[in-house]
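K.L.:
Model the following, please.
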Amino acid sequence: ADLEWERGYMVVMQHPVTTENKESKKHILETLRAVKELDYPAFWFWPNVDAGSDGTSNGIRTFRELEQPKNIHFFKNMDPLDFLKLLNSSKALIGNSSAGLRECAYLGLPVVNIGNRQHRRSRAQNVTDVAYDQQAIAEATKAAIATEKFESSTLYGNGNAGEKIAEILATVELTYRKTITY
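P.N.:
Just a heads-up that it's a prediction; the model follows:
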């Protein structure tokens, strides 16, 4: 399907939660129904191969075949730099990817974070948390799409962690003690 994405689109990334793997198909269907109902262009990435990914992938495949959503284009993967460009130009990220908390905080991109996968991780002002509920997901997504970008947050750093680590390693005394335990 050719998406009319030029006036705006969202990115969707929802992975199974390993501790909730038996519900992964049910969880993904709530999001699929919400995104289809909104009839807004969506670039949807397949899940990580974690416990429960079979249910998530099966849910996506079944929904895609039965519903044939015209507003969703599915991706297996993408070059990381192209992904960041796609994300940065989108209106929002929907799902439960750590990218919503980390990269999107820096980009100031509105995020609808679904479920428990990112439980207890720090969030910037760009994140709205919702349950696996079609109506809640749809309402939060409508609001996210209508929101302008947030101010960039450096909650997860500002890009110079490598330099800081190298500086510490260059100045700290490194010691090593071998202990025989047999």
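K.L.:
mean confidence score for the helix or strand harbouring His73?
P.N.:
Per DSSP states H and E, His73 falls inside strand 72-75. Across strand 72-75, pLDDT averages out at 91.
K.L.:
Can you name the secondary structure element that comes next after it?
P.N.:
Assigned by DSSP H and E, the successor of strand 72-75 is helix 80-88.
K.L.:
I'd like the next helix or strand past that following helix.
P.N.:
strand 92-95.
K.L.:
Quick check: which helices or strands does the helix or strand that that next one is followed by pack against?
P.N.:
Tracing the chain past strand 92-95, the next element assigned as helix or strand by DSSP H and E is helix 98-101. The contact analysis (3 or more Cβ pairs under 8 Å, 6 or more residues apart in numbering; DSSP states H and E) places helix 98-101 against strand 111-114. Quick note: C-beta positions are derived from backbone N, CA and C, even for glycine.
K.L.:
quick one, helices of this protein?
P.N.:
Ranges of helices within the chain are 24-38, 53-67, 80-88, 98-101, 103-107, 134-146, 161-171, based on DSSP state H.
K.L.:
contact partners of the fifth one?
P.N.:
Residues from elsewhere that reach helix 103-107, judged by Cβ atoms under 8 Å, 6 or more residues apart in numbering: 84, 87-88, 93, 110-111, 123-124, 126-127, 149, 152-156, 158.
K.L.:
rank the helices of the chain by pLDDT, which is bottom?
P.N.:
Looking at the helices of the chain, the bottom one is helix 53-67 with a mean of 84.
K.L.:
and that one, what does it pack onto?
P.N.:
Secondary-structure packing of helix 53-67 (3+ Cβ pairs under 8 Å, 6+ apart): helix 24-38, strand 72-75.
K.L.:
list the buried ones in that helix?
P.N.:
Ser53, Gly55, Thr56, Ser57, Gly59, Ile60, Phe63 (16 or more other Cβ atoms under 10 Å).
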